[in-house]
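# no sequence on this one, just coordinates:
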Ligand SMILES: Cc1ncc(C[n+]2csc(CCOP(=O)(O)OP(=O)(O)O)c2C)c(N)n1
Ligand code: SF4
């Protein structure tokens, strides 16, 4: 393992020929996720050439362009489909998807549940800011009921998805949730999500003050981080809490960890068997 | 003289011939979703690829995902394909555009059935011709091929892969239900009968590599991801490095190059076959299974003394303008039979510019156009 | 091999119920004519709604020259193994075309000019398995059609079948051929009209 030596390592991983400054707003949580990702890859000592970032469309999707890995900025909601093709083509690669909540849960919902069911060996990072950031603050499937958005000016009537139970229900191999406030924990979760076999899903709560906070009584970005600090509780503690204590607290940590082999591993195992059988038949 | 090795003959469906062609061309990835009348392609791939040295097969959750997986595999260095039919073809349009923009070589076979919507799942049509050309949004170049019989399914699939790889572009192969579901005797080529092309990979060191650089051919070299050339791929309009840009000069350069790389190789891409065209007064312009009926009609017309010819289009887009131009020197009438309301006939009329009289035969009842229907129009002159 | 005789265009339709092995029958005969006898052959079959609901259809067009139009339109030979199929496709039989029926199943033939054998019963009694019925038909047709050679067709059938079921099918094939010879007469006589366009 590499010793993580602070922020300067990030510069080894940024693309300096890219036209900075980046597109993110001040206070946006997405940048913290990217920082964690870089530190995780660094601490795991994975060569840059082996990392493939496959991003969807949205502010979250823009993260791919800044880092010096193999990066693919795909279409809205469909990062996992590209990732499936890549992983099946070359299982040696570490394929990491970065998706927004609208990206992964709305337009990409079908791809998400099937990637989970299929157990393709891909890491899915779902950056949940409860809103469509890039298009200007419309409701997403993760917008909490009762909050306001550009498309729910009188309050959101629909219920939101619980990403974790969705992933569990679809059969994901590893399901976890972290926040950009609890960075050390986030990095631990991310390292696990990158190294474990099969389909690993990590939801990251990341504030968007520009499009969500302002419309929902958060004074500034800092306010939103404070809210994260207050609301998130480790899942172990959450489970011991009584119903009335839980209120709107959000559990974070690891929810599922099955450790099953990924689809690609099973596929190439099958191929080996078939080829051996063929050879035996030809030898006869 | 050395005796040529006798070719192996098989009795196969058009859909099976597509698979044979793909495997000969070096296809090692299939991602798809079942739909009549293309499903046999997927089913045969499912049994062939896992037992193939390096083949990968995945059944995806829908056609959007199929095309996504195919592009992913292509970026990872594989020759990849999918096959579908009308409704699935509509869903694939989104990623077809992505493949154009990212310049990811791949082959998409669309077995045309009656539409619109779910339409006639088991009847032939040629209604997706213009969709193949213009279905995905934005100005984009595309290569659309067609096949008229089972042997041609094999040949055109090989050519589709070759063109995809040579020009870094998605190639669409349009066949119709009749060709897909007809069994015929075909010859399997011997190794070496066909030239097989693969994409050019970069030979410069990674730090010099620019993934979307201007080159003589207009086709930048393409390394598989994970081979040490780390670069960015995006569906956004991008500069030579692959990074998003909206600078007019950079945008224009990309768009011009993308079109030029297809347009300037017309002699390699625009394929046609002529039958008794040299002195023809009446030329039938046809493609797909209709070209078979047309061939028979032309033969019969010749027997009764009418100078008729057939221009069979193997490439539909870019439209083989030059091949038609040549015939317009003597042809007085062009007959365009299609199993649609008139799609290629628009191209014919555009190139014709009023020179010959253009007669269309259109059939949209899920039935093939018969030789006698075509003959009748030929005989009218 | 060299084609046994020059054929312009000869159209055959096999029809009956799902489970009778109609498609296999067509495929095996098609492959035999194309690969064994050297003809050009196109084979098409019923798909979709038509193929459900129990009915099954498989067509062959056989010709010495190129086949421009791959579908069967006006039949030289109709093989009907169910009453419904016989009713549905008899109108497509061209004048002088031959109707072959399963005489136990097609109780009401639409014409008096037909050739019939109890194929199913034959398969059950003399081969021991009903499923070999289609091969009995194949054997009978090989006798009937003037352009098929028994030895070549049988070899071609053996090549397409898995080893396990080869022996029974050869038995069924020979049975069909024998029975047809006994009951249908020599082939050229049967074909009142020489096969041509
Ligand atoms: C097919 C399609 N529909 C709509 C859009 C427009 N669009 C771009 S980003 C986006 C929402 C992004 O929201 P989210 O996924 O939550 O990511 P965030 O920007 O919040 O990080 C939408 C709807 C698109 N690019 N493609
Ligand atoms: S709009 Fe929201 S998600 Fe997008 S960059 Fe700004 S803060 Fe981040």
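Structure received. No experiment lies behind these values; they were computed from the predicted model shown. Residues are numbered from 1 along each chain as shown, chains lettered A, B, ... in the order given. Ligands and ions are numbered 1, 2, ... in the order given.
# Count the residues that sit near the residue lying closest to residue A:128 once chain neighbours are set aside.
The shortest distance from residue A:128 to any non-neighbouring residue, by Cβ to Cβ, 6 or more residues apart in numbering or on different chains, is to residue A:101 (4.3 Å). (Glycine included, C-beta is placed from N, CA and C.) Neighbour count for residue A:101, taken as other Cβ atoms under 10 Å in any protein chain shown: 29.
# My guess is residue A:101 contacts residue A:133. True?
No. Using Cβ atoms under 8 Å as the test, residue A:101 is too far from residue A:133 to be in contact (9.2 Å).
# Do a quick rundown of the helices in chain C.
C:22-31, C:83-89, C:119-122, C:133-144, C:150-160, C:166-184, C:187-190 (DSSP state H).
# Check those for me and report the most buried one.
Among those, helix C:133-144 has the highest mean neighbour count (mean count of other Cβ atoms under 10 Å in any protein chain shown), at a mean of 27.
# and residue A:96, what does it touch?
Contacts for residue A:96 (Cβ atoms under 8 Å, 6 or more residues apart in numbering or on different chains) come out as A:37, A:51-54, A:122-123, A:125, A:194.
# And these, which is closest to chain C?
Distance to chain C, by Cβ to the nearest Cβ, is smallest for residue A:122 among these, at 37.0 Å.
# Just to check, that closest one is in contact with residue A:84?
Yes. With contact defined as Cβ under 8 Å, residue A:122 reaches residue A:84; the gap is 7.0 Å.
# okay, these two: which has more neighbours?
Each of residue A:122 and residue A:84 has its neighbours counted (other Cβ under 10 Å); residue A:84 has more, 33 against 30.
# The more buried one and ligand 2, how far apart?
26 Å (Cβ to the nearest ligand atom, to the nearest Å).
# Next one: that residue from residue B:164, what distance?
Counting by Cβ to Cβ, to the nearest Å, the gap between residue A:84 and residue B:164 amounts to 20 Å.
# where's the residue in chain B that ligand 1 sits nearest to relative to residue B:18, distance?
For chain B, the residue closest to ligand 1 is residue B:94, as judged by Cβ to the nearest ligand atom, at 6.7 Å. Residue B:94 sits 23 Å away from residue B:18, going by Cβ to Cβ.
# More neighbours: the two, which one.
Set side by side, residue B:94 and residue B:18 give different neighbour counts by other Cβ under 10 Å, the larger being at residue B:18 (33 against 20).
# Tell me which helix or strand residue B:309 sits in.
strand B:308-313 (DSSP states H and E).
# how about that strand against chain C, any contact?
No. Using Cβ under 8 Å from any Cβ of the partner chain, strand B:308-313 stays clear of chain C, coming no nearer than 10.4 Å.
# Could you list the paired strands of the next helix or strand after that strand along with their orientation?
Where DSSP H and E defines the elements, the next helix or strand beyond strand B:308-313 is strand B:315-317. Applying DSSP bridges to the sheet, strand B:315-317 is found paired with strand B:143-146 (antiparallel).
# what's the burial count for the closest residue to ligand 2 within chain B?
Residue of chain B nearest ligand 2, by Cβ to the nearest ligand atom: residue B:244 (15.1 Å). When counting by other Cβ under 10 Å, one arrives at 18 neighbours for residue B:244.
# these two touch, right, it and residue B:235?
No. Counting by Cβ under 8 Å, residue B:244 stays clear of residue B:235, with 9.5 Å between them.
# Pull up the overlap in contacts between these two.
Listed as contacting both residue B:244 and residue B:235 by Cβ under 8 Å, 6+ apart are residue A:73.
# hmm, back to that, list the contacts of the residue of chain B closest to ligand 1.
Here residue B:94 is in contact with A:75, A:78, B:64, B:67, B:136 (Cβ under 8 Å, 6+ apart).
# For it, identify the helix or strand it belongs to.
helix B:86-102.
# Give me the distance from that helix to the chain's centre.
Relative to its chain's centre, helix B:86-102 lies at 14 Å (Cα atoms, centre = their mean, to the nearest Å).
# Can you report phi and psi for the closest residue to residue A:14 other than its chain neighbours?
Closest residue in space to residue A:14, ignoring its immediate chain neighbours: residue A:66 at 5.8 Å, by Cβ to Cβ, 6+ apart. Main-chain dihedrals, residue A:66, degrees, to the nearest 10: phi -80, psi -20.
# need the contact list for residue A:66.
A:14-15, A:18, A:20, A:22, A:34.
# would you list every one of the strands in the stretch 101-250 of chain A?
A:123-128, A:174-179, A:200-205, A:232-234, A:250-257 (DSSP state E, counting those that start in this stretch).
# Can you say which of the ones you listed is nearest to residue C:137?
Among those, the nearest to residue C:137 by Cβ to Cβ is strand A:123-128 (56.7 Å).
# by contact count, what packs against that closest one?
On a contact count with 3 or more Cβ pairs under 8 Å, 6 or more residues apart in numbering or on different chains; DSSP states H and E, strand A:123-128 meets helix A:30-44, strand A:94-100, helix A:101, helix A:183-195, strand A:200-205.
# Export those as a markdown table, with columns for mean pLDDT.
Converted to a markdown table, the helices and strands packed on strand A:123-128 look like this (pLDDT from 0 to 100):
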| stretch | mean pLDDT |
| --- | --- |
| helix A:30-44 | 96 |
| strand A:94-100 | 98 |
| helix A:101 | 98 |
| helix A:183-195 | 98 |
| strand A:200-205 | 98 |
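# For residue B:56, which of these is the nearest?
Nearest to residue B:56, of all the helices and strands packed on strand A:123-128, is strand A:94-100, at 14.4 Å by Cβ to Cβ.
# Right, and chain A sits closest to which residue of chain C?
residue C:163 (13.1 Å).
# Skipping its backbone neighbours, what lies nearest the residue of chain B closest to ligand 2 in space?
Nearest one to residue B:244, counting by Cβ to Cβ, 6+ apart, is residue B:236 at 4.1 Å.
# List the buried residues for the helix ranked longest in chain A?
Determined from DSSP H, the single longest helix within chain A is helix A:263-283. Under the neighbour-count criterion of 16 or more other Cβ atoms under 10 Å in any protein chain shown, helix A:263-283 has A:263-264, A:267, A:271 buried.
# wait, does the strand or helix carrying residue A:84 contact chain B?
Element membership for residue A:84 (DSSP H and E) is helix A:79-89. Yes. Counting by Cβ under 8 Å from any Cβ, chain B is contacted by helix A:79-89 at A:80-89.
# export those residues to TSV and tack on distance to chain C and pLDDT?
Below are the residues of helix A:79-89 next to chain B laid out as TSV (distance: Cβ to the nearest Cβ, whole Å; pLDDT from 0 to 100):
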residue	distance to chain C	pLDDT
A:80	33	98
A:81	29	98
A:82	33	98
A:83	35	98
A:84	30	98
A:85	30	98
A:86	35	98
A:87	35	98
A:88	31	98
A:89	33	98
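# Kindly indicate the member of the residues you listed with the most neighbours.
Most surrounded of the residues of helix A:79-89 next to chain B: other Cβ under 10 Å gives residue A:82, at 37 neighbours.
# For that residue, which non-adjacent residue is closest in space?
Nearest non-adjacent residue to residue A:82, counting by Cβ to Cβ, 6+ apart: residue B:72, 3.9 Å away.
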